[in-house]
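1. just a sequence and a predicted model for now, questions to come.
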2 protein chains.
Amino acid sequence: MTKVLDIRPLLDEVQSLLDNNDIDAVVELIASLHPADSAAVLYELEGDALYAVFSRFDPEYSAAVLAELDAENQVELANSLPPAQLSDIIAQMEPDDAADVLSELEPEQVEATLAALPDAESDDIQQLLAHEEDSAGGLMTSSVITLRDQMTAQQAIDMLRTLRPEEESIYYLFVVDAGERLVGVVSLRALVMAPAHQTVGTIMDPNVLTAHVDTDQEECARLLARYDLLALPVVDDERHIVGMVTADDIIDVIEEEATEDMYRLANLPQDEDVEDSLLRSSRRRLFWLLLNLPTAILAGWVVSRFDGTTAKVIALVPFMPIVAGMGGNAGIQTLTLIVRSLALGEVQRGDGLRALAREMGIGVINGLAFGAVIALLGFLWKGNLMLGVVVGTAMLANLIAAPLAGTLVPLTLKLLRVDPALASGVIVTTVTDVTGYTCLLGLATLLISYLVR
Amino acid sequence: MTKVLDIRPLLDEVQSLLDNNDIDAVVELIASLHPADSAAVLYELEGDALYAVFSRFDPEYSAAVLAELDAENQVELANSLPPAQLSDIIAQMEPDDAADVLSELEPEQVEATLAALPDAESDDIQQLLAHEEDSAGGLMTSSVITLRDQMTAQQAIDMLRTLRPEEESIYYLFVVDAGERLVGVVSLRALVMAPAHQTVGTIMDPNVLTAHVDTDQEECARLLARYDLLALPVVDDERHIVGMVTADDIIDVIEEEATEDMYRLANLPQDEDVEDSLLRSSRRRLFWLLLNLPTAILAGWVVSRFDGTTAKVIALVPFMPIVAGMGGNAGIQTLTLIVRSLALGEVQRGDGLRALAREMGIGVINGLAFGAVIALLGFLWKGNLMLGVVVGTAMLANLIAAPLAGTLVPLTLKLLRVDPALASGVIVTTVTDVTGYTCLLGLATLLISYLVR
């Protein structure tokens, strides 16, 4: 298989089996898939069919599939399954996946489910539940393998043979001292290669990058991306190792954060999905468009303040969309650059002034260039030199206002600890609309005697 | 260290050392950093200082740092270094990093550098250079470890001890048959855990996901993301294993692709960087804004066609930015959703019609809602019922045109095998501008007798 499985043909087959009420065949068909693909298929089923199929998987497979489903389906299934069956499934899950599911449920349900688990697992999951969802603690798996620095390589390998750890946890082995504090990392490779009697402390790499449990998941992503790591150990205040964040979790984080920023720049609801029902989407999309209505009306109101001028110089009207449109585009250019640079950590606190100066510089240069072009156009098209001056000046002013707003809005939001992308597109284009119309029509009002012939 | 290193204090120190011409101290300071951090510091230096510092690193460290620098700095350094020193550095690099550097150089330079390398390395690099940069072949490392399925676990471990492979390549061991074709994957863990005499063929997992050398890097990213993998073997047409793509490479791909889509939606140059020089940025930003000028002028020209109507009903003018602005926003909402869904593989060929129907449905519902609101506003504000009807209808029409353009533009670009995000924002807002103005002013022209009192 060299492509992500195309589930559409499968869906057709599942649908026709469901139409014949042949649930057993559906279960057999779906259970033969990779859990990630099963989840993609189940995601498309209606509530009843989803439950009918899912509840017949064995607990181990159910656990793998449940971990891949989205929060909405997880809750739906958790609420439909008999409590004992839910506990059986949760018991089969990795602690981090289990915590993700439980974090979506009601407190009583969480308590009941945890009560049915062995104490060690229940404790593991409860500790994970205590962390913020978007922190290293919320993202990590707690199944890590620690070695003592005083062990020999042979002792370590013997211990691994006894533990038979999960696939995922073995790529990095973390080394702790007598106080259980993280002191280094050793790869299984180094362990296998080393002479049997050498101690782990002498084989390990003491330079180990770590995340604190409270480290934001975006910072974890930056660490892995910058230093090309496949996993990052997570420690508490005493430098005790409590878990590990792996690159595959980070891939999901990076995709989610990028989607979030893009959607916020476009004023789209965060969890919009092409699969959502039409009515649900309309209602939510409507809400976000609604945010834009007052600002659009504001722009209209500004224009209406100059009715007297536009009535006298109708030739100004076609320049309204030109000046406003170019300003809006320039503003969104700057805004997108700043939002993305903030997200990737390329612009940090303290770089703000430099970024502002740079964007303003570009604004002045582009403003002069496009101001000149549009002034010439105004003059040639309408045969009025002063009209050219008015539209050119308005363009210049708007192309300076655009990067100013495009920089200041996200930096201010960042300073207020709000997502720099949130609603910033609406604010920036409102600034450019209002600036563009005010400059164009205001200047025309001042110079009206030169414009009316 | 739990955060990406803040290089600004370091930069100040480096600058003051450079001002004192104390290059040795700068070299010592920078050489103590992680190569990724060194690259971040060197990136900030001017050409002469960059060369003076870099050329004094030892070849091994130079190789690690060069791999982390961006293409522009790589070329600058490669052109400044004496050919022998460049070859020494390239010889120390991983084949995939070496190929990345060489792919940026002139053919004669590549030839000269490769000629100075041992044949095996030169061949490795040449094979990598033959692949498209954004394919699995261009992304992969060729240093993978293959085991024969007939080996015993003990023989395999002994072989690994002899080979002493690189850290990165050992997490997945690929198993080939007598014909050197990939037949499975075995983890070092399974190898260490297995009884010594068992054959690799019986321990391995035969269900191995692969990428073809020509597989697009975005598809590789989707595979790793969907199936939570840390690495993906890359095979040729005969299923011979030729390399491996790892999650840390994919993290870079995902970040780059997300940035690319965001920048394209915002009409920003792809390789824009907040660190670029002002003039260079202005010139490039100007070029992209220039693309927007004809469309802005087109919108202005459409408006000018209705000069007669606007002159008679000046009350229409304030509704121009409202109708056009709301349409533009709704169009960008749809466009962003479709572009992101295409990028994440959530919408594929064949889903287009369904997505279109859904977006149109949302458009009609939102169009009716906002059309009613704006019609009421028009009526109450200007005291003319027919004006309300005109602006409400124009809003409805534009909120239907918006998702139509927002869906069809990226899907058409995709069909034409062009990036769906490319210039699509400009096209969509042009459609909504033109539709909005034409409907508003055209309808007003038809109903002019009811609007003028």
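-> Perfect, thanks for sending it.
2. give me the mean pLDDT for stretch A:14-25.
-> In this model, stretch A:14-25 has an average pLDDT of 90.
3. now check it, is it near chain B?
-> No: judged by CB under 8 Å from any CB of the partner chain, stretch A:14-25 makes no contact with chain B; its nearest approach is 14.6 Å. Every C-beta, even on glycine, is put in place using the N, C-alpha and C of the backbone.
4. what are the contacting residues of that stretch?
-> Residues outside stretch A:14-25 that contact it (CB atoms under 8 Å, 6 or more residues apart in numbering or on different chains) are A:26, A:29, A:30, A:41, A:45, A:49, A:52, A:53, A:56.
5. tell me which residues in it are buried?
-> Across stretch A:14-25, burial judged by 16 or more other CB atoms under 10 Å in any protein chain shown covers A:14, A:17, A:18.
6. hmm, back to that, and of the contacts of stretch A:14-25, the nearest to chain B?
-> Using CB to the nearest CB, residue A:41 is the member of those that lies nearest chain B, at 12.7 Å.
7. how close does the closest one get to residue B:257?
-> With the distance defined as CB to CB, to the nearest Å, residue A:41 ends up 26 Å from residue B:257.
8. what sits closest to the most centrally placed residue in chain A if chain neighbours are left out?
-> Central residue of chain A (CA atoms, centre = their mean): residue A:257, 1.6 Å from the mean position. Using CB to CB, 6 or more residues apart in numbering or on different chains and skipping the chain neighbours, the partner closest in space to residue A:257 is residue A:218 (6.0 Å).
9. ok, residue A:114 next?
-> Using CB to CB, 6+ apart and skipping the chain neighbours, the partner closest in space to residue A:114 is residue A:122 (4.5 Å).
10. where's that neighbour, which helix or strand?
-> In the assignment (DSSP states H and E), residue A:122 maps to helix A:119-129.
11. what do you get for residue A:175?
-> Judged by DSSP H and E, residue A:175 forms part of strand A:172-176.
12. what sits up against that strand?
-> By CB under 8 Å, 6+ apart, strand A:172-176 touches A:144-149, A:156, A:160, A:182-188, A:191, A:200-201, A:204, A:208, A:230-231, A:233, A:240-241, A:244.
13. mark which of these are buried, thanks.
-> Here, 16+ other CB under 10 Å leaves A:144-145, A:147-149, A:156, A:160, A:182-188, A:191, A:200-201, A:204, A:208, A:230-231, A:233, A:241, A:244 buried among these.
14. and those near chain B, which?
-> Near chain B, judged by CB under 8 Å from any CB, the entries from those are A:160, A:187, A:188, A:230.
15. out of the contacts of stretch A:14-25, which is nearest to residue B:392?
-> residue A:45 (40.4 Å; CB to CB).
16. can you tell me the SS state at the closest one?
-> coil (DSSP: H, G, I helix; E, B strand; the rest coil).
17. do I have it right that it meets residue A:69?
-> No: between residue A:45 and residue A:69 there is no contact under CB atoms under 8 Å: 11.0 Å.
18. so where do the strands sit in the stretch 151-300 of chain A?
-> Secondary structure of the stretch 151-300 of chain A (DSSP state E, counting those that start in this stretch): strands at A:172-176, A:182-187, A:211-212, A:231-235, A:241-246.
19. hang on, the earlier thing: centre of the chain to the helix holding residue A:122, how far?
-> 27 Å (CA atoms, centre = their mean, to the nearest Å).
20. and that helix, what other elements does it pack with?
-> The helices and strands touching helix A:119-129, judged by 3 or more CB pairs under 8 Å, 6 or more residues apart in numbering or on different chains; DSSP states H and E, are helix A:95-102, helix A:107-115.
21. how far away is residue A:14 from chain B?
-> To chain B, residue A:14 is 17 Å away according to CB to the nearest CB, to the nearest Å.
22. same check on residue A:125?
-> 20 Å.
23. wait, that residue sits on residue A:91?
-> No: under the criterion of CB under 8 Å, residue A:125 makes no contact with residue A:91, lying 10.0 Å away.
24. shared neighbours, the two?
-> Listed as contacting both residue A:125 and residue A:91 by CB under 8 Å, 6+ apart are residue A:117.
25. for the strand holding residue A:175, list the C-alpha coordinates in CSV.
-> Extracted C-alpha coordinates of strand A:172-176, given in CSV (Å, rounded to 0.1, in the frame of the first residue of the first chain):
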residue,chain,number,x,y,z
TYR,A,172,14.3,6.1,23.2
LEU,A,173,15.3,4.7,26.7
PHE,A,174,15.6,7.4,29.4
VAL,A,175,18.2,7.2,32.1
VAL,A,176,17.5,8.3,35.7
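26. partner strands of that strand and their direction?
-> strand A:146-148 (parallel), strand A:182-187 (antiparallel) (DSSP bridges).
27. tell me the angle of the last one relative to strand A:231-235?
-> Going back to what we said before, that points to strand A:182-187. Angle of strand A:182-187 versus strand A:231-235, following axes from the mean of the first three to the mean of the last three CA atoms, to 10 degrees, is 160 degrees.
28. show me the contact partners of strand A:182-187.
-> Here strand A:182-187 makes contact (CB under 8 Å, 6+ apart) with A:147, A:149, A:156, A:171-177, A:200-201, A:203-208, A:210, A:233, A:235, A:239-241, B:167, B:170.
29. now residue A:88. Nearest residue, chain neighbours left out?
-> The nearest residue in space to residue A:88 (CB to CB, 6+ apart) is residue A:59, at 4.5 Å.
30. ok, now which ones touch the one you found?
-> By CB under 8 Å, 6+ apart, residue A:59 lies in contact with A:85, A:88, A:89, A:91, A:92.
31. dump the strands of the stretch 151-300 of chain A to JSON lines, plus mean pLDDT.
-> Converted to JSON lines, the strands of the stretch 151-300 of chain A look like this (pLDDT from 0 to 100):
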{"stretch": "strand A:172-176", "mean pLDDT": "87"}
{"stretch": "strand A:182-187", "mean pLDDT": "89"}
{"stretch": "strand A:211-212", "mean pLDDT": "92"}
{"stretch": "strand A:231-235", "mean pLDDT": "91"}
{"stretch": "strand A:241-246", "mean pLDDT": "89"}
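32. may I see these organised as CSV, with distance to residue A:359 added?
-> Compiled in CSV, these are given as follows (distance: least, CB to CB, whole Å):
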stretch, distance to residue A:359
strand A:172-176, 42
strand A:182-187, 42
strand A:211-212, 33
strand A:231-235, 34
strand A:241-246, 35
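33. and among the helices and strands packed on helix A:119-129, the most buried is which?
-> Most buried of the helices and strands packed on helix A:119-129, by mean neighbour count (mean count of other CB atoms under 10 Å in any protein chain shown): helix A:95-102, with a mean of 23.
34. the domain parsing of chain A - what is it?
-> Per the record, chain A has its domains at A:8-130, A:146-262, A:278-451, by automatic domain parsing.
35. output the below-cut-off pLDDT ranges for the stretch 51-200 of chain A.
-> Applying pLDDT under 70 to the stretch 51-200 of chain A flags the ranges A:164-171.
36. re earlier: which one (most neighbours) among the contacts of residue A:59?
-> The residue in the contacts of residue A:59 with the most neighbours, by other CB atoms under 10 Å in any protein chain shown, is residue A:89 (28 neighbours).
37. look at that residue and give its secondary structure.
-> helix.
38. ok, it to chain B distance?
-> 19 Å.
39. contact partners for that residue?
-> A:59, A:62, A:63, A:66, A:81.
40. now swap in residue A:65 and tell me
-> Under the criterion of CB under 8 Å, 6+ apart, the neighbours of residue A:65 are A:35, A:38, A:39, A:42, A:54, A:57.
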